[in-house]
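Asker: quick one, what's the 3D model for this:
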Amino acid sequence: MKRTLITLGLATLLLTAFACERREVGGTGGTTDSGGTIRVGVYGDLSGQTSSFGESTRDGVKMAVDEINAAGGINGRKIEVLVEDDQGQPQQASTVVTKLINQDKVVAIIGEVASTNSLAAAPKAQEAKVPMITPSSTNPKVTQVGDYIFRVCFTDDFQGAVAAKFAANTLKAKKAAVLGDFNSDYSKGMTQYFVQEFTGSGGQIVTQQSYTQTDADFKGQLTNIRAAAPDVIFVPGYYGQVGVIAKQAKELGITAPLLGGDGWDSPKLFELGGVSLDGAYMVNHYSTDDPSPAVQKFVSAYKAKYGAVPDAIAALGYDAMNVLADSIKRAGSTDSAKLRDAIAATKGFGGVTGSISLNASRDAVKPAVVFELRNKKLNYKETIQPSGGAAGAATPAAGASPAAAAASPAANANANTNTNAAP
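Answerer: Now for the predicted structure:
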């Protein structure tokens, strides 16, 4: 009888321990509110064609986490970041996000940059009901995957239209050529909205050429573009190809300026393109020359920590982590549904890349900054609001705040954002 009672007692203890463990882990892949660290997953390309994107995102997120933990954490709990390399491959992105959810039991996920990779991974997060915030995937389709998917950047319908408006209004271009990545959702979406806006305002697309991310020679496409004599060449691709395209365009004697989007943003762009990029223009998320205290504090701290100037991808990673932390704090919980609701309710959050308010489609409505590239530097040109109006071309030194100053919650609330799916 004594042995039986001891056995029953041990069994009861084991069952109680198991039940406690299940309550801590939760049924949807994240720790709940039983204490301990808050696990956050980060995934991105750390070893592939767009590794600069993954490295910048990781560094921005980790800097935010270090600051949050140094200040005591969230509701008394520290954040633990688990980083996975998806090698820039959609299938691998899906695999590592599945691991973060099922094995690592993260409460939320931050990533990716490339829209194609985010589109591959987002269904896994949606199915598991684990909130996912992409810092910088701009294809409108990404957040359309489901109500657990968010972003803190603007979308390609806005970014593509901004590029087209800038080409027509500022550059006075009447004819444009397009050279895009055939396999990239980002590039295809940007192309669609650029063409739509440019032709809608009376411009003409004289030729559309394509390439793939593994190409190294673009002279055939550029020769065709040269023959079409465009006033501007829209290149909605990533930095690894854009730098080479710029060099080869100069070699062929092409004088029309190149124009692109945030996919160009990487320290490696100038390493690849050098002075061949002089006179090109890029739409982006923020300016390191923005005089606002928040931006300058971030830039200074990032330089001290990593020894480099933070690109927009790093700034967006930093903002994504801080939005997540703010949402956990407001929710008072890491419960999936409560956290999802808190993220969705984000309004007027003071980010480095501007005031962040999420709309009904879980997209951030924010202004865009246009830069002129010259002497291996990004030189602020103008800010364009979500409504389409330019904030003026005053330089930051004259008092204009290129990204944050014009991004008020009130302006965001009145912005018109097209959420139709890109191809």
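
Asker: show me the helices in the stretch 201-350 of the chain, by range?
Answerer: 219-228, 239-251, 268-273, 293-306, 312-331, 336-344 (DSSP state H, counting those that start in this stretch).

Asker: may I see those arranged in CSV, with mean pLDDT and mean neighbour count as well?
Answerer: C-betas here are computed from N, CA, C, even on glycine. Shown next, in CSV, are the helices of the stretch 201-350 of the chain (pLDDT from 0 to 100; neighbours: other Cβ atoms under 10 Å):
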stretch, mean pLDDT, mean neighbour count
helix 219-228, 98, 16
helix 239-251, 97, 22
helix 268-273, 96, 19
helix 293-306, 97, 16
helix 312-331, 98, 26
helix 336-344, 98, 19
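
Asker: let me know the pLDDT of the residue nearest the centre of the chain.
Answerer: For the chain, the residue nearest the mean C-alpha position is S136 (0.6 Å; Cα atoms, centre = their mean). Confidence at S136, expressed as pLDDT, is 97.

Asker: just P267 next, same as before
Answerer: 89.

Asker: before we move on, what about A390?
Answerer: 41.

Asker: R39 now?
Answerer: 98.

Asker: how close does the residue lying closest to it once chain neighbours are set aside get to G72?
Answerer: The shortest distance from R39 to any non-neighbouring residue, by Cβ to Cβ, 6 or more residues apart in numbering, is to V106 (4.6 Å). Separation of V106 from G72 (Cβ to Cβ, to the nearest Å) stands at 21 Å.

Asker: neighbour-wise, which of the two wins?
Answerer: Counted by other Cβ atoms under 10 Å, V106 and G72 do not tie: V106 has more neighbours, with 29 against 10.

Asker: that one: which element?
Answerer: Following DSSP states H and E, there is no helix or strand that holds V106.

Asker: including distance to S184, could the helices of the stretch 201-350 of the chain go into CSV?
Answerer: Putting the helices of the stretch 201-350 of the chain into CSV (distance: least, Cβ to Cβ, whole Å) gives the following:
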stretch, distance to S184
helix 219-228, 15
helix 239-251, 10
helix 268-273, 17
helix 293-306, 28
helix 312-331, 16
helix 336-344, 27
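
Asker: the residue nearest to the centre of the chain contacts V113, doesn't it?
Answerer: Yes - with contact defined as Cβ atoms under 8 Å, S136 counts as touching V113 (4.9 Å).

Asker: which neighbours do these two share?
Answerer: Counting by Cβ atoms under 8 Å, 6 or more residues apart in numbering, the common neighbours of S136 and V113 are F53, T57, I313.

Asker: between the residues you listed, which is nearest D181?
Answerer: Nearest to D181 out of the shared contacts of S136 and V113 is F53 (Cβ to Cβ; 14.3 Å).

Asker: flag the shaky bits of the protein, pLDDT-wise.
Answerer: Scanning the chain for pLDDT under 70 picks out 1-34, 387-423.
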